[in-house]
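> I would like the atomic coordinates for the input below:
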Amino acid sequence: MHDVSWRTVRDLPVVGHALTLEVAVYRVKCEGCGRTGSQRVSWLDPHARVTRRLAAFVALWSERIPLTHVCQLTGLHWSTVRQIHEQALERKLAALPEARPKRLVMDEFALFKGHRYATVVLDADSRQVLWVGEGRSREAIRPFFTWLGIER
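As a prediction, the model looks like this:
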């Protein structure tokens, strides 16, 4: 054992009270090669301030109720809940299969009151959003067709 450091992490609330854990993480030195590394804790991601169990709880409920309500349930700050929610969405997006659209749907919508618009392109069969871009002119949509490519 090289040294020990203490990490403070949050876990699921117990009976409505926030639960904070103090975890000892050991840095160990390999006798064979001499390199040091931190001990892996199975229920905690590296550098995370919340347990995997709490992160899974937040990700589940942030899909169903507003983030402010998730903050009230867990006692976490709004930015922490938002970050966990964004990471869960990114994992879901990465798991989606690559889009192979045959028919496209294109629509525009107002970003704000006034004359600022955005364009969205969807796969007509799967209703998967393929691209969103600001503007509604040909030049604004051109990056989508560049991404789509001639072979598609």
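
> so who does the closest residue to G75 other than its chain neighbours touch?
Nearest in space to G75, with sequence neighbours left out and distances taken as Cβ to Cβ, 6 or more residues apart in numbering, is A18 at 4.1 Å. In this view, the C-beta of every residue, glycine as well, is placed from N, C-alpha and C. Contact criterion Cβ atoms under 8 Å, 6 or more residues apart in numbering gives R10, T74, G75 as the residues in contact with A18.

> how many neighbours does the second one have?
Looking back up the chat, that one is T74. One way to gauge burial is a neighbour count; for T74, by other Cβ atoms under 10 Å, it gives 22.

> Would you check how far apart it and L96 are?
When distances are taken as Cβ to Cβ, to the nearest Å, T74 and L96 turn out to be 28 Å apart.

> S5 sits in which helix or strand?
In the assignment (DSSP states H and E), S5 maps to strand 3-14.

> Render the CA-only coordinates of that strand in PDB, please.
C-alpha atoms of strand 3-14 as PDB (Å, rounded to 0.1, in the frame of the first residue of the first chain):
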ATOM      1  CA  ASP A   3      -1.100   5.700   0.700                       C
ATOM      2  CA  VAL A   4      -4.800   6.200   1.400                       C
ATOM      3  CA  SER A   5      -7.200   9.000   0.400                       C
ATOM      4  CA  TRP A   6     -10.700   9.600   1.600                       C
ATOM      5  CA  ARG A   7     -13.500  10.400  -0.800                       C
ATOM      6  CA  THR A   8     -16.900  11.800   0.100                       C
ATOM      7  CA  VAL A   9     -19.700  10.500  -2.100                       C
ATOM      8  CA  ARG A  10     -23.400  10.700  -2.000                       C
ATOM      9  CA  ASP A  11     -25.700   7.700  -2.100                       C
ATOM     10  CA  LEU A  12     -29.500   7.200  -2.300                       C
ATOM     11  CA  PRO A  13     -31.400   8.900   0.500                       C
ATOM     12  CA  VAL A  14     -32.500   6.700   3.400                       C
END
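
> Fine by me, thanks again.
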